[in-house]
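Enquirer: After the sequence you'll find the predicted model.
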Amino acid sequence: MRNASHRSTVRTYIKKVVSAIEAHDREAALAAFRDAEPVIDRMVGKGILHRNKAARHKSRLAARIGAMAPKGTA
């Protein structure tokens, strides 16, 4: 049951980043990503997530944020 709670927490943090990306809010996405990264890493340490899966999540989120245009540019 504890593992299910931890997995849910990780998913929630990832969803916050994704929702900010979909709202085209780069600053919020960066802030959410900075919050999510240590949580994902912590779950790897606890054995909830495999390290490659965690790295894949972080890499894909970072790539999506990086693909967003910085504010002030069109």
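Expert: It's in. Keep in mind that what you see is a predicted model, and the values were worked out from it rather than measured. Numbers count the residues shown, from 1 in each chain.

Enquirer: Can you tell me how far the spatially most central residue of the chain is from P70?
Expert: Residue closest to the average C-alpha location in the chain (Cα atoms, centre = their mean): I14, at 4.0 Å. I14 is 23 Å from P70, where distance means Cβ to Cβ, to the nearest Å. Every C-beta, even on glycine, is put in place using the N, C-alpha and C of the backbone.

Enquirer: Please apply the same query to L49.
Expert: On the measure of Cβ to Cβ, L49 and P70 end up 30 Å apart.

Enquirer: Show me what the helix or strand encompassing V17 is packed up against.
Expert: Assessed by DSSP states H and E, V17 sits inside helix 2-22. Under the contact criterion of 3 or more Cβ pairs under 8 Å, 6 or more residues apart in numbering; DSSP states H and E, helix 2-22 touches helix 26-46, helix 51-67.

Enquirer: Can you say which of these is packed in most?
Expert: helix 26-46 (a mean of 16; mean count of other Cβ atoms under 10 Å).

Enquirer: Show me what that one is in contact with.
Expert: Contact with helix 26-46 is made by 6-7, 9-10, 13-14, 16-17, 20-21, 49-51, 54, 57-58, 61-62, 64-65, 68-71, as judged by Cβ atoms under 8 Å, 6 or more residues apart in numbering.

Enquirer: if we go to 7 Å?
Expert: 6, 9-10, 13-14, 16-17, 20-21, 49, 51, 54, 57-58, 61-62, 65, 68, 70-71 (Cβ atoms under 7 Å, 6 or more residues apart in numbering).
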